[in-house]
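Enquirer: All I have is the shape, not the residue letters:
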């Protein structure tokens, strides 16, 4: 897959019909720290792992408010993610200005996807190296979309991206059928549990994750650390009890350990 | 050959009066709710007061279509500010933004006569008064619109500091209490309604304090 003669340019096809630069951009997403999204019929929860460059620095912001009714979580090159978030905010504000109504989520992701596609067909550009989990609420209900660097987008009930996201995805696959009717609290709990899956045994603390919620009658906002810690406390009573739960999760995590090269090899610009 | 003049104007005046008074820890912003065109009444219940931020409220008389467009622009710009700074705009910041926005259209102005009221960074009341192209000043009280010429002299009589020559310059904020200021506003509007045909129907008063905004409505003469 790596190092071949058709991967220098994004505008060069391989003989097998692939654009390697685009695929390499999708690899960048897998290197970033995990971001998770879930939705019910009335709420969307976005959560992510707070990874800091070093003990001395603060962690990078990976979840952004786009509007009261839309939020986005990113994984990959956070600088690209920040620029795209600014674009999304601008689109949302312009739509509200023109139509005096909130931007439907499906429209926003199409704009985003079209913007990403442009970068796959210009020789002087490079694809955005960031995956975006766009969660929002509009007239047609709660939605969760995943936008990739390729310009494709998909709608999900629940999804996880970034390093060790396979562990979270396995957890979500077990539980997603119940999400549509989940209560707000259960949805948040599932999000935090999914985050825990990506931590591979590390003790789950509220400082390690960021959680945001939006839903019917509830504009996008972040949960504060105390609220998250309280949630964690309801299912992580004692360290010994955690061992029992970890044993169930371990077989799934073995598969998750293979992706990502380990924290030491993470490129500085990716988080 | 005399110069030909336009037989169509992009502007209209929808009348009405706006007043604001700054207090030590509050600000009162008031406007009548009559919207007219020529000698006709378009609405007896149209609000000219618009909240721009938690601590900044705009009241504008003049051409309401331009006022509406101006409010929309300011609202969008405020959203951008909130995304960038993670907080609401302060009243002095909004005052500058409004001035810049108005001057931006210096050669096709917003036909809007604005009074911006709110609380400054220290929690004291502040009022900013504007002309149509953005010239503005921080004052202790102001009136704009069709009834302003009837109201301003009276406010000067009641609220102005004893002498402008008195140094150091007195703070323009009125020492009146909030209920006294609200009462004064009701009085001036009742008087303006008597003699200004474009002012009347109802009076909408917004009182801005640190803990929130309160609204009062008072009936005015409908003729």
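Expert: Happy to help now that I have it. A quick note: this is a predicted structure, and the numbers were derived from the prediction, not measured. Numbers count the residues shown, from 1 in each chain, chains lettered A, B, ... in the order given.
Enquirer: Give me the distance from stretch B:213-223 to the chain's centre.
Expert: With C-alpha atoms, centre = their mean, to the nearest Å as the basis, stretch B:213-223 stands 16 Å off its chain's centre.
Enquirer: Name the residues of it that are buried.
Expert: By neighbour count, and taking 16 or more other C-beta atoms under 10 Å in any protein chain shown as the criterion, the buried residues in stretch B:213-223 are residue B:220. C-beta: built from backbone N, CA, C; applies to glycine.
Enquirer: what helices or strands is the longest helix along chain A leaning on?
Expert: Of all segments of type helix in chain A, defined using DSSP state H, the longest is helix A:78-99. Packing partners of helix A:78-99 (3 or more C-beta pairs under 8 Å, 6 or more residues apart in numbering or on different chains; DSSP states H and E): strand A:63-67, strand A:70-76, helix A:105-118, strand A:130-138, helix B:64-85.
Enquirer: try it again with 6 Å
Expert: In terms of contact count using 3 or more C-beta pairs under 6 Å, 6 or more residues apart in numbering or on different chains; DSSP states H and E, helix A:78-99 is assigned the packing partners strand A:63-67, helix B:64-85.
Enquirer: Give me the spatial nearest neighbour of residue 196, chain neighbours excluded.
Expert: Since you didn't name a chain, this refers to chain A. residue A:204 (4.5 Å; C-beta to C-beta, 6 or more residues apart in numbering or on different chains).
Enquirer: my bad, chain B
Expert: In this structure, residue B:196 finds its nearest non-sequential neighbour in residue B:147, 4.2 Å apart by C-beta to C-beta, 6+ apart.
Enquirer: What does that neighbour show for phi and psi?
Expert: Reported as degrees, to the nearest 10, the phi and psi values for residue B:147 are phi -100, psi 0.
Enquirer: Could you measure from it over to residue B:31?
Expert: Taking C-beta to C-beta, to the nearest Å as the measure, residue B:147 falls 10 Å from residue B:31.
Enquirer: Does anything pack onto the helix or strand containing residue B:206? Which helices or strands?
Expert: Secondary structure here is read from DSSP states H and E; on that basis residue B:206 sits in strand B:202-209. If you count contacts as 3+ C-beta pairs under 6 Å, 6+ apart, strand B:202-209 packs onto strand B:26-32, strand B:212-219.
Enquirer: What pairs with the first one, parallel or antiparallel?
Expert: Read it as strand B:26-32. Based on DSSP bridges, the pairing partners of strand B:26-32 within the sheet are strand B:17-22 (antiparallel), strand B:202-209 (antiparallel).
Enquirer: Redo the helices and strands packed on strand B:202-209 as a markdown table? Include mean pLDDT and distance to residue B:128.
Expert: As requested, the helices and strands packed on strand B:202-209 are arranged in a markdown table below (pLDDT from 0 to 100; distance: least, C-beta to C-beta, whole Å):
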| stretch | mean pLDDT | distance to residue B:128 |
| --- | --- | --- |
| strand B:26-32 | 97 | 11 |
| strand B:212-219 | 96 | 17 |
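Enquirer: So which of those is nearest residue B:67?
Expert: Nearest of those to residue B:67, taken as C-beta to C-beta: strand B:26-32 at 10.8 Å.
Enquirer: Tell me how far the closest one lies from the chain's centre.
Expert: Relative to where its chain is centred, strand B:26-32 has its mean C-alpha point 8 Å off (C-alpha atoms, centre = their mean).
Enquirer: what angle sits between that strand and strand B:212-219?
Expert: In this structure, strand B:26-32 runs at an angle of 30 degrees to strand B:212-219, with axes from the mean of the first three to the mean of the last three C-alpha atoms, to 10 degrees as the basis.
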